[in-house]
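Novice: how does the following fold in three dimensions:
(chains A, B, C and D)
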2 protein chains.
Amino acid sequence: MGKPSEQRQEEIVISTIDLCAEQGVNKITTQVIADRVGVAQATIFKHFKTRDHVFEAVLRWLSGRMFKAVEPMFKSEASADVRLQNIICKQLEFASKHKALPRILFSDRLHSDSSVLKGIVQQVMARMTEAFTQLIQDGMDSGVFANQQSAQVMAKLVVSTMQGTLMRWSIHDYNFELQAEGQALYGYYMQALLANNPAPWSIEDK
Amino acid sequence: MGKPSEQRQEEIVISTIDLCAEQGVNKITTQVIADRVGVAQATIFKHFKTRDHVFEAVLRWLSGRMFKAVEPMFKSEASADVRLQNIICKQLEFASKHKALPRILFSDRLHSDSSVLKGIVQQVMARMTEAFTQLIQDGMDSGVFANQQSAQVMAKLVVSTMQGTLMRWSIHDYNFELQAEGQALYGYYMQALLANNPAPWSIEDK
DNA sequence: AATAAAAGTAATTAATTACTTACTTTTAAA
DNA sequence: TTTAAAAGTAAGTAATTAATTACTTTTATT
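Specialist: Modelled structure (predicted):
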């Protein structure tokens, strides 16, 4: 019966991720995926009910990976500002390794009404914002961050800035150093967080 | 000869903008546009060489309108912080009135390689970033903003945050108050800008 | 070895849709 | 009023592509 389904499914998912990174979402037909995997087009439908189910699996694979890379950092022992810096760094690193992520994020398939993909991204964003909120609140409680405004709004700023940066990266054909740019912006909201804190920390680019 | 071309062209552009706002980019076929305008599908091609040329005109129309709304504010007499606030407010207002903008911004048609649309957006973003940079530099020179870091990086933060917010708005089906959310975030980078301004200690620039 | 379930395929289908063609109608100007 | 150019149209065409069908091959289990 050929390769076991689970294995083949992952092959299809990973091939699709590679193809998305190379060419974007729209151009990736089931035929193109099949060619890359090295099977017939019809075989794709033995493993996924529809083309959209492939992309659903792709998005779950990517977000799963990202959470696995980032989640332990939220719970680390380091102080809140260091944790925040590390997480942002890790997210940028992940995105820069997976162009497929912005490609899917900025596809109209995702943004179109009642898309399953959109639901997944909503969940991921909600989870991320929640985690950032806690982290920042933590920093406020422990006196690392100034607590004159809402931790949640600050978390939204972090998430929005990340996404805006990905957008700019995509628009500029991925030809600036994502991590460097992202870190530079980080310096700014760090300032907003630390503002009025009675310590003259200077923020340096890394 | 029916309606003069210029008039019909604008009808097509505006109908397409409405349709994009309602249904996104992908679903808008030349047939759908023709139906909305009330002409035959073939007529579209009497006024635009290809479907993509329609979307090009749409994007130019939208960005032209946005610049017209925002450009005078860059040059107003008000102090830099007030100008910044007003411009961001205006941009958010514009976007909230034109869902078509995020819809086009997050379409893979735009993000795909060698897309004319992408080029237009690149230009608009470059122009915006440039204008923000000058505004912020202006604020630094006049002492309204602390000038410990690069005005250009700060400008990028403003633009990225705007785009990230649009992204979040789109992902959440446009059902939060864009302007309120945006203004809340504005409060934060304002803090970064004003931070340490009246403070006794002064941090050297980078 | 027998066999049933799963994996695989070639060929086809059905739907979609940008764009063209060949023709008619409208309109502004000579 | 003539006329030529532009606007308009109905009816295609050709290309694309997700999904199905009807069939064959592989493989794990008994």
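Novice: mind checking what helix or strand follows the helix or strand harbouring A:Thr16 in sequence?
Specialist: Assigned by DSSP states H and E, A:Thr16 belongs to helix A:5-23. Along the chain past helix A:5-23, the next helix or strand (assigned with DSSP H and E) turns out to be helix A:30-37.
Novice: that older thread, near DNA strand D at all, the helix holding A:Thr16?
Specialist: No. Helix A:5-23 is not in contact with DNA strand D by Cβ under 7 Å from any atom of the strand; minimum separation 10.6 Å. Just so you know, the C-beta spots here come from the backbone N, C-alpha and C atoms, and that holds for glycine as well.
Novice: which helices and strands does that helix pack with?
Specialist: Here helix A:5-23 touches helix A:30-37, helix A:41-47, helix A:51-74, helix A:100-105, going by 3 or more Cβ pairs under 8 Å, 6 or more residues apart in numbering or on different chains; DSSP states H and E.
Novice: contacts only, for A:Ala100.
Specialist: A:17-18, A:20-21, A:58, A:62 (Cβ atoms under 8 Å, 6 or more residues apart in numbering or on different chains).
Novice: can you name the two of these that are farthest apart?
Specialist: A:Asp18 and A:Leu62 (12.0 Å; Cβ to Cβ).
Novice: so which of these two has more stuff around it?
Specialist: Set A:Asp18 next to A:Leu62 and count neighbours by other Cβ atoms under 10 Å in any protein chain shown: A:Leu62 wins out with 22 against 16.
Novice: any idea how far the more buried one is from B:Ser96?
Specialist: Per Cβ to Cβ, to the nearest Å, A:Leu62 is found 30 Å from B:Ser96.
Novice: give me the neighbour count for A:Glu181.
Specialist: Neighbour tally, A:Glu181, other Cβ under 10 Å: 18.
Novice: per-residue pLDDT, it?
Specialist: With respect to pLDDT, A:Glu181 scores 94.
Novice: picking that back up, if you count neighbours, what's buried in the helix holding A:Thr16?
Specialist: Neighbour counts over helix A:5-23 (16 or more other Cβ atoms under 10 Å in any protein chain shown) mark A:8-9, A:11-13, A:15-21 as buried.
Novice: does it come close to DNA strand C?
Specialist: Yes. Using Cβ under 7 Å from any atom of the strand, helix A:5-23 reaches DNA strand C at A:5, A:8.
Novice: compute the inter-axis angle for that helix and helix A:51-74.
Specialist: Interaxial angle of helix A:5-23 relative to helix A:51-74 (axes from the mean of the first three to the mean of the last three Cα atoms, to 10 degrees): 90 degrees.
Novice: let me know the average pLDDT across helix A:5-23.
Specialist: For helix A:5-23, the mean per-residue pLDDT is 95.
Novice: residues contacting stretch A:116-131, please?
Specialist: So stretch A:116-131 is contacted by A:52, A:55-56, A:59-60, A:63, A:66-67, A:71, A:74, A:104-105, A:109-112, A:152, A:155-156, A:159, B:168, B:171-173 (Cβ under 8 Å, 6+ apart).
Novice: ok, of those, which come out buried?
Specialist: Buried by 16+ other Cβ under 10 Å: A:55-56, A:59, A:63, A:66, A:74, A:104-105, A:109-112, A:152, A:155-156, A:159, B:168, B:171, out of the contacts of stretch A:116-131.
Novice: neighbours around A:Lys97, how many?
Specialist: Counted with other Cβ under 10 Å, the neighbours of A:Lys97 add up to 13.
Novice: I misspoke; the intended subject was A:Ser115.
Specialist: Applying other Cβ under 10 Å, we find 18 residues neighbouring A:Ser115.
Novice: now do A:Ile87
Specialist: Neighbourhood size, A:Ile87 [other Cβ under 10 Å]: 22.
Novice: contact partners for it?
Specialist: If you count contacts by Cβ under 8 Å, 6+ apart, A:Ile87 has them with A:70, A:73-74, A:132, A:135.
Novice: quick check: of those residues, which lies closest to chain B?
Specialist: Of all those, the one with the least separation from chain B (Cβ to the nearest Cβ) is A:Phe132, at 13.2 Å.
Novice: got any ranges where chain A has weak pLDDT?
Specialist: The model of chain A has pLDDT under 70 over residues A:1-4, A:195-206.
Novice: one more pass at 80, please.
Specialist: Counting by pLDDT under 80, chain A contains low-confidence ranges at A:1-5, A:189, A:192, A:194-206.
Novice: I'd say A:Gly185 and A:Thr161 touch.
Specialist: Check again: residue A:185 is Leu, not Gly. Yes. The criterion here is Cβ atoms under 8 Å, and A:Leu185 meets it with A:Thr161 at 5.6 Å.
Novice: between those two, what contacts are shared?
Specialist: Taking Cβ under 8 Å, 6+ apart as the contact rule, A:Leu185 and A:Thr161 both touch B:157, B:160.
Novice: so these two - more neighbours on which side?
Specialist: It is A:Thr161, of A:Leu185 and A:Thr161, that has more neighbours when counted by other Cβ under 10 Å, with 26 against 23.
Novice: next up, the contacts around that one.
Specialist: If you count contacts by Cβ under 8 Å, 6+ apart, A:Thr161 has them with A:185, A:189, B:157, B:160-161, B:164.
Novice: spell out which parts of chain A neighbour DNA strand D.
Specialist: Counting by Cβ under 7 Å from any atom of the strand, the positions of chain A adjacent to DNA strand D are A:1-2, A:27, A:29-31, A:41-42, A:45, A:50-52.
Novice: which of those residues has the most neighbours?
Specialist: Highest neighbour count within these: A:Thr30, with 18 neighbours (other Cβ under 10 Å).
Novice: out of everything not next to it in sequence, what's closest to it?
Specialist: Of all residues not flanking A:Thr30 in the chain, A:Ile44 sits nearest, at 4.8 Å (Cβ to Cβ, 6 or more residues apart in numbering or on different chains).
Novice: and for the one you found, the neighbour number?
Specialist: So A:Ile44, with other Cβ under 10 Å, has 22 neighbours.
Novice: OK, contacts around it?
Specialist: Taking Cβ under 8 Å, 6+ apart as the criterion, A:Ile44 is in contact with A:12, A:30, A:33-34, A:37, A:51, A:54.
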